[in-house]
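Asks: Here you go, sequence then predicted model.
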Amino acid sequence: MRPFSYVRAEDAITASQSIGAGSAFLAGGTTLLDLMKLDVMRPETLVDINSLRGSAPAVALTQGGLRLSAFASMAETAADPNIEHDYPIIAQSLALAASPQLRNMATLGGNVLQRTRCNYFRNPSWRACNKREPGSGCAALDGVNRKHAVLGVSPHCIASYAGDFAQALIALDAAVETIGPAGPRVIKFEALHRTPGDTPQTETNLGQGELITAFIVPRAPWTRRSLYLKIRDRESYEFALASAAVALDIEGDAVKQARIALGGIATRPWRAHAAEQALAGKPLNEDIANHASQLALAHASARQGNAFKVELARRTLRRALLQAASMKV
Amino acid sequence: MTDTAEANVRLGDPLNRIDAQAKVTGAARYGSDPDIARPVFAFLAVSSIARGHITRIDDRQARAVSGVLDILTHENMAAAIRPVKFISEGGYMGSSIMPLSSPRVFHAGQIVAVVLADSFEAAREGAHRLAISYADETPSAGFDSEGVEVVPGADASKEHQDPKIGDAEAAFAAAPVKVDAQYSTPTQHHNPLELFTTTCAWEADKLTLWESSQNVHAFKNGLAQQLGINPENVRVISPYIGGAFGSRGSLTQRTALIAVAAKRLGRPVKLVASRDQGFTIASYRAETRHHIRLGADKDGKLQSLTHEAFEVTSRPDPYMVSGTDASTRLYACPNVSSKVSIVHADRSTPGFMRAPPEVPYLFPLESAMDELAAALQMDPVELRRVNDTKTEPIKGLPYTSRSLMQCFDKGTKAFDWQRRDPRPGSMRDGDWLVGLGCASTMYPTQMGAATARVSLTLSGTAKVQTAAHDIGTGAYTVIAMTAAERLGLPIQKVTVELGDTELPPAPGAGGSNTTASVCNVVAKACEEIRAKVANAASSAEDSKLKGQDQKALRFSAGRLVGPDGAGEELETAMRRVTNGAIEIYAENTPHGVKPDAIEKLYQGAQTLAGGAKLQDRIQFAFGAEFVELRVHRITREIRCPRVLGVFAAGRIMNMKTATSQLMGGLIWGVSSALHEGTEMDRRYGRFYNTDLAEYLIPVNADIPAAEVILLPEEDHEINELGIKGIGELGNVGTNAAVANAVFHATGVRIRNLPIRLEQLLGTASI
Ligand SMILES: Cc1cc2nc3c(=O)[nH]c(=O)nc-3n(C[C@H](O)[C@H](O)[C@H](O)COP(=O)(O)OP(=O)(O)OC[C@H]3O[C@@H](n4cnc5c(N)ncnc54)[C@H](O)[C@@H]3O)c2cc1C
Ligand code: SF4
C-alpha cells in the first residue's frame, strides 16, 4: 500500500467535485482497500463517501418501483421485507454474496463496481495483465482460467465479472442514478459496464468523478416470480462458477415475458436476450428451458480450464428456469 | 461435564480444555504476540520466477520510503548464515534452499529480499517498490515437465524400503477379478489461521525466538547451527500455536534471516509473512500419482497388490513420504509389490502435512478396494472383512491390536448402511442423487523419547514442565489430566508449561506422538513422587498405612490411600519427605527407540519409533469412515451432508478433546476431497490461488454433520498407559470415502482429487 491522502465527503455533490484524476471514492473498502494492500490500485486520494450512508433510505418504494440507495449496505438492503417478498431475485443475489461481515461493510454502489477476481490481476508480480498494465498481455488466456469468462471475452482479457447483485439489476431493466462534475444523470444499468475489447482497463462508462447515488428498479409483473441461482464449489462464501438471475411473468401455462441474466461466466453483467425471446409465449418445460439455455450460450468462447462452464451455465439456467416456473407467487 | 474442584480426575473424562479461557479471551500469546518495545518490522519480497537468477536489485525507491531502515539481499547477506542439512539427511531444515545466499532462484516465491522498517506499512511499501531483475530459465514445474529428475526411493534415502512379498505380478495375472487404475492427489497447503511469523531479539549474545513451532528444541539447535552460535544461547518460545498441521514441524529459512536482521539493527525484529507468501516460504503437501493393481479371488480375498507411486519434491531435497509402508499392510495379501519414486522439479521443498504418507497413499488403495467391491458385486464393508488380518502381510508381524472390523460394524449401524442400494445412481432425494461411501482409516502408533519435570507441593498443587507442544489438539489438558489422576488432585490444581526450550525436551509434535510420549513420561515422574511418599508412609510409625505394601498405595482426592480407601492427608504423607515440594525429572525411552535417544532429544533430533518400523510387532490405530453425499441432478454441485468416523485407538485420554480432534480430521478429509487444491500455472511453475478466497476450505454450511464414535480398545503392549495417537487418524480415510460415495451417487469413478463438479458434468445424467 502506498501513502494516500484522505478526504471525507460531506454530500454527493462535493464528493463528485472533490475527486480528481488519481483519486477514488471509498465506500465499504472491501474491494478497494484489498487491492491497495496488494499494490494493484494506487489512488493518491481517497474520498470517503460513508458519510452519505444516511442521506437516503436504503430502500424507497416509489410509484414506478424501487429506489435503492447506492450507499446502503448489502445486508440492510437484502433484509428489507419488501425486497424479500416482491423482489426475491435482488434479496437472493445480495444474501448469497460474500460473507455476513462483508455484506455489512460493503455498499451497493461499491458492489456493482467490484473488480475481477482474476489472480493475475490481483497480484502485480505476474507480468502479463492488460487490465492492470495495458499492453502487457493476458496471462490467463493459456494459464489458470477455471473461473474465467466464456461470454463477452476478447483476446485481450477473459476476466469474469464476479458480482451477483448486478445480474439482478440487469435482468430487471434497472437504471443507475449518478452525479458527476457535469451534474446528475440516469443511465440504463445495461449501459454501465463494458466488455473488455482492446481496453480491458476501462470497465465502465462512468465519467471521471461520477458518483453512483441510486439504482432504480421498475415494478413489473415478473419481479415476484424471480430468483437468483448461484452454483459454486462450496455452499457459501464463494463467487459464482455460474449463476442465473431469472424473472418470469407466467399466465396460465405460458410464459408471457422472461428476464434472464447470467453471472460468473461473462466479462460484464450479462443479459440473455435471445433466451428470453425463446421463452415468450411458450409453456415452460424441460425442453424449452434447455433450448433457451442453448441460445444463451450460443456465442460462448472458452479456454482450456473453463470449457466446462459453457455446459455448467446452460444447466444453471435450465435449473433456474424450472425452479422459477414452479415458484408459488 | 462440569469440572468440579473436588472430583478425582479419571483418564478419559470429557474435561474442558484448561487453556480454553485464555484462548477465547485473548490472554494466550501466539507467535507474533509478544509485547516487545520498538520492534523493527520485516516484510519479505519473494521471487516471481521459478528458476534462474537475480541479475539486479534496484532498491533506491524502496530505501527512499520513509521508515525503511535496511534491506537484506544476497548482495549483503551471502555468507551470513551457515548451511544446515535437510531434515531427512540428518539436519534441521525443512528446506536446504538458502535464500539470500546467492543470486540463484530455486522456486517461485523464494525469499529474495527482506525489507526492514519502523512500521509494517513502510516495510510492505518498501518491498513493493523493490525492482528486481531476473535472468529466468524455463522451469520444470512438476510431473510430466521436461527436465525433471526421477529418482527411485531406494536411491533417494538409505532408510527407504519398498515393501514386497511373494510374486505380485504372477498372482495378478492369475487372479479372476482385477482392478488396475491410476490415481492422483493435488498440491495442498496447510494454511493455518496464524500466519508464518518470526520475532527475534538479542540480549548480548543471547537470542530469543518467538515463533510458533511444533519442535522447539529442534528449532533451537538448528538455528544455533545456522548462526554458528552455542545452542545454549538460543531460547525458543512457543506456548500457543494458531494451527500447524505439520507446517511448523521443521525450521524454515526465514527464521535465521530475521535473527541476522535483529543483530544487524541491534533491535528486535518481527516478521509477519503474508498469506500469499505462506504458500512458498513454508512447506506443503506435494502432488502424488499412483498406479494400483489389485487381484482377488471370487470371494474377494486379495491375491495380489501392487502400489507404485510418484511424489514431487524440490531440486535439492529428497523429501519423500513413502506411504506404501501403510498401504501394503492394511489387508491380508500373499503377494505384494510396491515402489516409490520422487520427482525433482523447480519447486519449494514439500513437507509434513497431517498424515503425510497415509492421506495420499490410502486414497488410491481405498478407492481401488471400492472398485474391487463393485467388480465383485460385494458390499464394500464385507470386502474389508474378508481381507481383515491380525498380522501384517510383509513380515508376518502381529498387530498389537486392531479393531478395524469392530469400527465398521459399529459404523454400519450408526450410519444405517443397510439403506444403501448397491446400484450406483439408484438413490435419490428430489433433484439430488444420493451416494453412500466408506473407507478404512489407519495411522501408525509412534512414540519418541521424552523428558518432563513434575513437582508436587505440600499444599497439593502440581506443576508439569515439558517442552512439548499443544498445536490446538488439547495437549495441555491431557497432560494436566495425567498428573491430576496420578497425584489425586483436581485438574485446577495442576499447571502445565509447554513450548519453551527452557523446559525439559519432548518430541516434536508430529506423527501423532505427543499424548503417548509425554503422558507416559509424566506418569512416570508422578509414579516416582508416589513411590517416595508411599515408601515413607509404609514404614512410618505414625502412619495408618504403616506396614502396607507401598506399591498398593496411591494418591486419591488429596490423600494417600491404601486399597481399602483408608489413609492420610496428602500433606501429612508428604511432610515425611519434604517441607516444601517434591520435584522429579523423568526420562522415558519407549520400545524400539534407540538407546541414545535422550541425548538425541536434547539435540533436537527426531527419535520416533513405532508403526511398521519395529522389529517385533506392528502398531496402528484404525477406524472406519462413512460419507453421505449429494450431487445435483442438473448442475452437479457436490455436497456432503454427513460424515461419520468410528475409531478405536487405545486409551482415549479425554473424550471431548479426542472427539474434537477426530471431528476436525473428518472435516479436513472432506475438505481435501472436495475443496482443497493449490493450482499451478505450469508455464511459470508458480502457484495461482494463493489466498483463502481461492484456496477453498469448507465453511460451516458445507459440514452440516460430522460425527465421531470412539470404541473402547485396550492395548498395554504399546505403552504403559495404552495410548495410541489420534491426531492424524481422522483425515486418512475420508478422501476415498468421499470418492466412493460420489461413485455410488453417480456411477462416475473420480480418481483425481479434489473432486469438482466439472468432473461430473460430461456424463449423461442418471
Ligand atoms: C472474500 C470476498 C468474497 C466476496 N464474495 C462476493 C460474492 O460472492 N459476490 C459478490 O457479489 N461480491 C463478493 N465480494 C465482493 C464484495 O461484494 C465487494 O467487495 C463489495 O460489494 C464492494 O463494495 P464496497 O462498498 O466495499 O466498495 P469499495 O471497495 O469501497 O469500492 C469499490 C469500487 O467502487 C468505487 N465506488 C464505491 N462506491 C461508489 C459509488 N457510490 N459511486 C462510484 N464509485 C464507487 C470505489 O472507488 C472502488 O473503485 C467478495 C469480496 C471479498 C473480499
Ligand atoms: S483475464 Fe484480464 S484481468 Fe486476467 S490476466 Fe488477462 S487481462 Fe488481466
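Replies: Looks like it arrived, so ask away. Ligands and ions are numbered 1, 2, ... in the order given.

Asks: Ramachandran angles for the closest residue to residue A:190 other than its chain neighbours?
Replies: Leaving out its chain neighbours, the residue that sits closest to residue A:190 by CB to CB, 6 or more residues apart in numbering or on different chains is residue A:170, at 5.6 Å. (Each C-beta comes from the backbone N, C-alpha and C, glycine too.) Note on residue A:170: backbone dihedrals following degrees, to the nearest 10 are phi -70, psi -30.

Asks: Now do the contacts for residue A:170.
Replies: A:189-190, A:245, A:261, A:269-271 (CB atoms under 8 Å, 6 or more residues apart in numbering or on different chains).

Asks: do residue B:252 as well
Replies: Neighbours of residue B:252 in contact, by CB under 8 Å, 6+ apart: B:93-95, B:196, B:281-283.

Asks: Relative to chain A, how far out is it?
Replies: When distance is defined by CB to the nearest CB, to the nearest Å, residue B:252 is 20 Å away from chain A.

Asks: show me what contacts the residue nearest to residue B:358 when sequence neighbours are not counted?
Replies: Closest residue in space to residue B:358, ignoring its immediate chain neighbours: residue B:732 at 4.4 Å, by CB to CB, 6+ apart. Contacts for residue B:732 (CB under 8 Å, 6+ apart) come out as B:355, B:358-359, B:362, B:441-443, B:665, B:669.

Asks: wait, which of these is closest to residue A:57?
Replies: Using CB to CB, residue B:669 is the member of these that lies nearest residue A:57, at 47.9 Å.

Asks: Am I right that that closest one falls within a strand?
Replies: No: counting by DSSP: H, G, I helix; E, B strand; the rest coil, residue B:669 is not part of a strand but helix.

Asks: Pretty sure it sits against residue B:741.
Replies: No: in this structure, residue B:669 is not within contact of residue B:741 by CB atoms under 8 Å, at 12.0 Å.

Asks: wait, what's in contact with residue B:317?
Replies: B:86, B:88, B:95-97, B:349.

Asks: My error: substitute residue B:166 in the last question.
Replies: Residues in contact with residue B:166 (CB under 8 Å, 6+ apart) are B:334-336.

Asks: Residue B:148 now?
Replies: Contacts of residue B:148 were listed using CB under 8 Å, 6+ apart, and they are B:140, B:142, B:343-345.

Asks: so which of those residues is the most crowded?
Replies: residue B:345 (24 neighbours; other CB atoms under 10 Å in any protein chain shown).

Asks: From residue B:50, how far out is that one?
Replies: 9 Å (CB to CB, to the nearest Å).

Asks: Tell me where the stretch 251-400 of chain B has helices.
Replies: B:254-265, B:275-281, B:324-327, B:358-376, B:380-386 (DSSP state H, counting those that start in this stretch).

Asks: same deal with chain A?
Replies: A:12-17, A:32-37, A:74-78, A:81-86, A:88-95, A:100-105, A:108-112, A:119-122, A:165-171, A:273-279, A:286-296, A:308-325 (DSSP state H).

Asks: For residue A:55, which of those helices is the nearest?
Replies: Closest to residue A:55 of the helices of chain A, according to CB to CB: helix A:12-17, at 7.0 Å.

Asks: what's that closest one packed up against?
Replies: Applying 3 or more CB pairs under 8 Å, 6 or more residues apart in numbering or on different chains; DSSP states H and E, we find helix A:12-17 packed against strand A:175-180, strand A:211-218.

Asks: Buried residues of the lowest-mean-pLDDT helix or strand in chain A, list them for me.
Replies: Within chain A, no helix or strand scores below helix A:12-17, which has a mean of 84 by mean pLDDT, DSSP states H and E. Buried residues in helix A:12-17, counted by 16 or more other CB atoms under 10 Å in any protein chain shown: A:12, A:15-16.

Asks: Pull the contacting residues for the one residue in the stretch 451-600 of chain B that gets nearest to ligand 1.
Replies: Closest to ligand 1 within the stretch 451-600 of chain B is residue B:472: 24.0 Å, counting by CB to the nearest ligand atom. Residues near residue B:472 by CB under 8 Å, 6+ apart: B:241-244.
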